[in-house]
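Q: With the sequence up front, the predicted model follows.
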Amino acid sequence: MLSFPPDWTFIAQIVLFLIVWVCLRRFLFEPNLAVLKTRAQRTEGAMREAVAVKTEAQAMDEQYQTRLATSRAEARQRVDAIYKDAEDQARSVIEAARKEAEQSIANVRANLSEDIQRTRQSLEAQVGQFADEISEKLLERPLS
């Protein structure tokens with residue numbers, strides 16, 4: 001039972017409790033708190049670093065997507081330019097072939113016209129002779 005004033009054992013218990021408390025605090029609690037604080041700082045630092053890396057990765061991805069879109073647009077423009085050049089060349093080749101064909105047709109017509117003219121002249125020169133031959137065959141006798 002507790003008596004008043006407390007005896008010396010009570011004071012001894014309080015002193016021992018304070019000594020144990022100081023020892024536990026100094027050798028157990030403070031080092032553990034320091035370790036926990038260091039871990040928390042490292043975790044926060046790692047989290048900040050992870051956020052920074054993620055932000056940087058997103059920025060790099062955006063740059064990549066922008067460059068990719070730009071490259072695709074440039075490639076489309078180049079392809080369109082190549083198609084346009086090819087169409088222009090095809091038109092010019094077709095036009096040249098058309099002109100050459102027209103020239104060839106004109107030459108053939110001119111040659112045919114000349115041949116027809118020569119053949120007419122030749123036949124007109126021989127009309128009299130043909131008439132004589134036809135008459136001789138119809139009359140079955142010479143016409144002289």
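A: Right, received. Where do you want to start? Numbering: from 1, shown residues only.

Q: For stretch 46-58, what does the pLDDT average out to?
A: What stretch 46-58 shows for mean pLDDT is 95.

Q: any chance you could map the helices in this structure?
A: Assigned by DSSP state H, the helices in the chain fall at 8-24, 30-125, 127-139.

Q: JSON lines please, covering the ones you listed and showing mean neighbour count.
A: Heads up, the C-betas are built off the backbone N, CA and C, glycines and all. Below are the helices of the chain laid out as JSON lines (neighbours: other Cβ atoms under 10 Å):
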{"stretch": "helix 8-24", "mean neighbour count": "10"}
{"stretch": "helix 30-125", "mean neighbour count": "10"}
{"stretch": "helix 127-139", "mean neighbour count": "10"}
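
Q: Lowest mean pLDDT across the ones you listed, which one is that?
A: Minimum mean pLDDT among the helices of the chain: helix 127-139, a mean of 83.

Q: Report the angle between that helix and helix 30-125.
A: Angle of helix 127-139 versus helix 30-125, following axes from the mean of the first three to the mean of the last three Cα atoms, to 10 degrees, is 70 degrees.

Q: Output the contacting helices and strands for helix 127-139.
A: For helix 127-139, the contact count by 3 or more Cβ pairs under 8 Å, 6 or more residues apart in numbering; DSSP states H and E identifies no helix or strand as a packing neighbour.
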